[in-house]
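Engineer: Fold the following, please.
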Amino acid sequence: MKSTATTFEPPIISRGYVFYRWLKKHYCTWLALPWLMLLTFALAMQFWIGFQYNSNDTTTIYLQVARAFAYDLLLILSLLWLPVMRHGLAALWRSRWTSWLPLTHAKNIHRWLGHVLIVASLIHGSCYLLYFNSLESPFMATLLGEEPDLVRSMKTTMYEFVSEDESIEDVIDWIALGMPESMYHDKIRPIMKEDCTKCHSSSSTMTYAIPSLALSHYDEVTSLSQAGLWSRQFRINICGIVMLLLVIALWVTSLGVMRKRYHHVFQQVHKLGYLMILLALLHIPRYTWLILPCIILAIEYVFSHYVRIYYNQTATLIKVNDSVMTLTLPRPSRFKIQSGHYLQLRIPGIKRYEWHDFSLTGQRSDEDVIRLKIKVQGNWTQKLYDRFGSAKYPSSTRNDLYMNELPQTESLNEDQARLKVDIRGPFASPAAHMPKNDRWVMIAGGIGITPFIGFMHAFLSNKHQVKQFHLIWVLRDSALLSWLKPFITSPILGGHIHIYLTQSEESSLPDWLYFNKQKNISINKQRPDWSKIFSHLDEFNHNKNSTQNKSHNRYSLKIKKPHCFVCGPLGLTKAVTKHCQNMGWSVSVEQF
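Structural biologist: You can find the predicted model right below:
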């Protein structure tokens with residue numbers, strides 16, 4: 001018969017408590033919903049303002065829709081950069097607003113804003129091209145600004161010009177004569193004052209195409225009388241087309257398939273985002289929307305250059321198996337190893353300008369060695385793995401990538417090589433900024449164990465005050481179990497390790513594991529049943545809560561819930577996230 005502590009349940013479940021449990025279960029959804037509603041409302045307002053802007057009886061639907069999406073694009077471009085600013089996010093993680101911001105979904109927010117950006121850009125550009133095609137002037141002449149901006153505005157009444165044919169002809173003649181200033185004062189200035197109904201109205205707002213109103217000075221009018229390469233229309237149209245092509249290229253290379261198979265292309269094309277900022281400043285007549293994002297981006301750029309880059313470091317590459325490698329290098333004196341942090345690695349001999357993120361798995365901050373676990377998952381890691389063969393012939397390699405072949409180590413009877421690498425960092429992952437929770441659940445799939453090894457070392461040295469944690473690791477190759485050897489041979493107080501091996505061979509387990517089986521360590525030769533696992537974890541958590549409540553001689557409806565961290569393949573992260581949400585647990589997906 002089970003003890004009272006095991007079957008402890010509140011005697012009375014109030015409706016308020018049921019609602020509280022339901023709210024906790026859907027916490028992530030409710031946290032994101034207000035921000036999503038705010039963004040939707042802001043986009044709708046921007047759309048309406050742009051649709052109504054400077055519209056009259058002669059304004060076509062193409063122009064109205066193009067302007068509406070132009071206003072939406074201003075908002076999207078202002079927000080697009082924010083979720084991917086490392087230093088800005090780190091500051092937010094340390095702020096008091098952390099629990100109210102969807103910071104754990106920053107990368108997903110950036111991706112979805114990118115999807116909205118491509119849709120809005122295509123509609124905006126297409127509608128403007130359709131509008132140009134509907135005008136009496138030839139399409140290419142309008143697109144390339146062959147007609148002066150001032151004349152085009154007077155002909156189309158696009159910007160509240162009310163002009164007679166005679167006035168338009170006078171302006172054309174004045175431009176053809178070289179825009180003499182005397183003729184401007186005699187004929188052109190009166191036309192500007194009479195025909196441009198918004199140019200001299202104190203209650204009107206500045207127009208989209210002519211931001212320097214009122215047109216009461218000679219220099220202002222001549223600046224709008226240029227044609228061809230020097231015209232405002234040419235600059236706006238060509239910059240807009242180039243921006244549209246860049247957005248398409250950025251979107252295509254950011255798709256999941258492209259990002260994984262051609263990561264170097266994804267990184268290089270994303271650098272064109274800086275060019276987009278310059279083109280946006282040339283394309284948009286008013287800079288109000290971009291001032292604050294540009295300032296924030298400039299600050300982020302400056303802080304990024306303060307992150308120390310360590311060049312030409314000598315690293316040792318060790319082959320663990322056919323798909324996993326370990327890279328070690330001496331730790332620079334100023335480089336601090338902390339749990340939940342990662343660095344960026346560049347190998348000039350493979351790609352000179354390509355950086356990749358890897359979790360730090362060191363034992364302590366002052367350790368002399370940096371250790372990285374690398375799995376072959378794309379072109380870059382495959383090229384790194386293929387270098388093992390060439391490492392045996394150092395005289396034939398280029399760029400001094402490999403210097404010589406090392407003797408085999410005692411623990412791993414595999415090939416080794418030395419190579420030159422650059423590193424920068426360290427950077428903090430979301431887990432490094434998580435509130436101090438005394439109950440953690442860490443779930444890893446394969447190489448996804450790497451972000452958690454640093455935390456395990458911190459738990460072992462009592463630097464991280466966690467009273468209870470469960471580590472669940474699903475893997476195929478038992479050779480990787482050596483990474484957990486320090487924690488299995490020296491169990492951590494309050495820690496529980498659950499290993500799920502998808503291999504069935506009994507001989508695949510290392511010998512040291514048989515002699516170090518502990519009560520809090522379980523080894524299962526099967527695929528995990530997540531429903532049973534989470535049911536067991538929930539029961540274990542309730543038992544702990546009831547035991548603590550009885551030991552303190554009190555009763556509380558507030559049940560402490562663990563925080564779950566998951567890192568691994570997409571299928572695993574989705575399954576774990578779904579079960580965590582059903583349990584009402586907070587969950588964070590770590591990148592590796």
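
Engineer: chain center to the host helix or strand of Ala417, what's the gap?
Structural biologist: If you go by DSSP states H and E, Ala417 is part of strand 416-428. Centre-to-centre, strand 416-428 and its host chain are 22 Å apart (Cα atoms, centre = their mean, to the nearest Å).

Engineer: and if you look at stretch 237-249?
Structural biologist: With Cα atoms, centre = their mean, you get 22 Å for stretch 237-249.

Engineer: just stretch 81-93 next, same as before
Structural biologist: Here the centre of stretch 81-93 is set off from its chain's centre by 9 Å, with Cα atoms, centre = their mean.

Engineer: What residues of that stretch count as buried?
Structural biologist: 81-85, 87-90, 92-93 (16 or more other Cβ atoms under 10 Å). (Each C-beta comes from the backbone N, C-alpha and C, glycine too.)

Engineer: Please state the mean pLDDT value computed over the helix or strand hosting Leu281.
Structural biologist: Remark: Leu281 resides in helix 273-283, with elements defined by DSSP H and E. What helix 273-283 shows for mean pLDDT is 87.

Engineer: ok, back up a step: give the next helix or strand downstream of the strand holding Ala417.
Structural biologist: Next along from strand 416-428, by DSSP H and E: strand 439-445.

Engineer: on that earlier part again, helices and strands around the next helix or strand after the helix holding Leu281, which ones?
Structural biologist: Counting by DSSP H and E, the next helix or strand C-terminal to helix 273-283 is helix 288-306. Counting contacts by 3 or more Cβ pairs under 8 Å, 6 or more residues apart in numbering; DSSP states H and E, helix 288-306 packs against helix 61-80, helix 86-93, helix 273-283.

Engineer: closest to Ala479 out of these?
Structural biologist: helix 86-93 (33.8 Å; Cβ to Cβ).

Engineer: Now do the following helix or strand past that closest one: distance to the chain's middle.
Structural biologist: Going down the chain from helix 86-93, the next helix or strand is helix 106-134, by DSSP H and E. In this view, helix 106-134 has its centroid 19 Å away from the chain centroid, taken as Cα atoms, centre = their mean.

Engineer: go on, stretch 582-592?
Structural biologist: Taking Cα atoms, centre = their mean, one finds the center of stretch 582-592 at 17 Å from the center of the full chain.

Engineer: Same check on stretch 104-115?
Structural biologist: 6 Å.

Engineer: cool, stretch 125-136 as well?
Structural biologist: The answer for stretch 125-136 is 35 Å, by Cα atoms, centre = their mean.

Engineer: again, but for stretch 533-544
Structural biologist: 34 Å.

Engineer: gap between Gln46 and Asp72?
Structural biologist: Separation of Gln46 from Asp72 (Cβ to Cβ, to the nearest Å): 5 Å.

Engineer: which of the two has more neighbours?
Structural biologist: Asp72 (25 against 20; other Cβ atoms under 10 Å).

Engineer: contacting residues for that one?
Structural biologist: 43, 46-47, 50, 120 (Cβ atoms under 8 Å, 6 or more residues apart in numbering).

Engineer: Out of those, list just those in helices.
Structural biologist: If you go by DSSP state H, the contacts of Asp72 have 43, 46-47, 50, 120 in helices.

Engineer: Tell me how far the spatially most distant residue from the centre of the chain lies from Trp174.
Structural biologist: Distance from the C-alpha centroid of the chain peaks at Asp186, with 58.5 Å (Cα atoms, centre = their mean). For Asp186, the distance to Trp174 equals 10 Å [Cβ to Cβ].

Engineer: who touches both of those two?
Structural biologist: Counting by Cβ under 8 Å, 6+ apart, nothing touches both Asp186 and Trp174.

Engineer: and the closest residue in space to Leu89 that isn't next to it in sequence, how many residues sit next to it?
Structural biologist: Nearest residue to Leu89 in three dimensions, chain neighbours excluded: Ala106, at 5.9 Å (Cβ to Cβ, 6 or more residues apart in numbering). The tally of other residues near Ala106 (other Cβ under 10 Å) stands at 20.

Engineer: Assess the claim that Ala106 and Met85 are in contact.
Structural biologist: No - using Cβ atoms under 8 Å, Ala106 is not in contact with Met85; the gap is 9.0 Å.

Engineer: still on that earlier bit, can you give me the buried ones in the strand holding Ala417?
Structural biologist: 416-428.

Engineer: from those residues, which is closest to Val247?
Structural biologist: For the buried residues of strand 416-428, the nearest to Val247 is Phe427 (27.5 Å; Cβ to Cβ).

Engineer: For that closest one, give the beta-bridge partners.
Structural biologist: Here Phe427 sits in beta bridges with Tyr342, going by DSSP bridges.

Engineer: contacting residues around it?
Structural biologist: 86, 90, 307, 341-344, 357.

Engineer: how many other residues sit next to Leu345?
Structural biologist: 24.

Engineer: State the three-state secondary structure for it.
Structural biologist: Classification of Leu345 by DSSP: H, G, I helix; E, B strand; the rest coil places it in strand.

Engineer: Now do the same for it: its pLDDT.
Structural biologist: Looking at Leu345, its pLDDT stands at 91.

Engineer: I'd like the distance between the residue farthest from the centre of the chain and Asp170.
Structural biologist: 10 Å.

Engineer: what bridges to the residue nearest to Asn312 when sequence neighbours are not counted?
Structural biologist: Excluding its sequence neighbours, the residue lying closest to Asn312 (Cβ to Cβ, 6+ apart) is Lys420, at 5.6 Å. Under DSSP bridges, the beta-bridge partners of Lys420 are Thr314.
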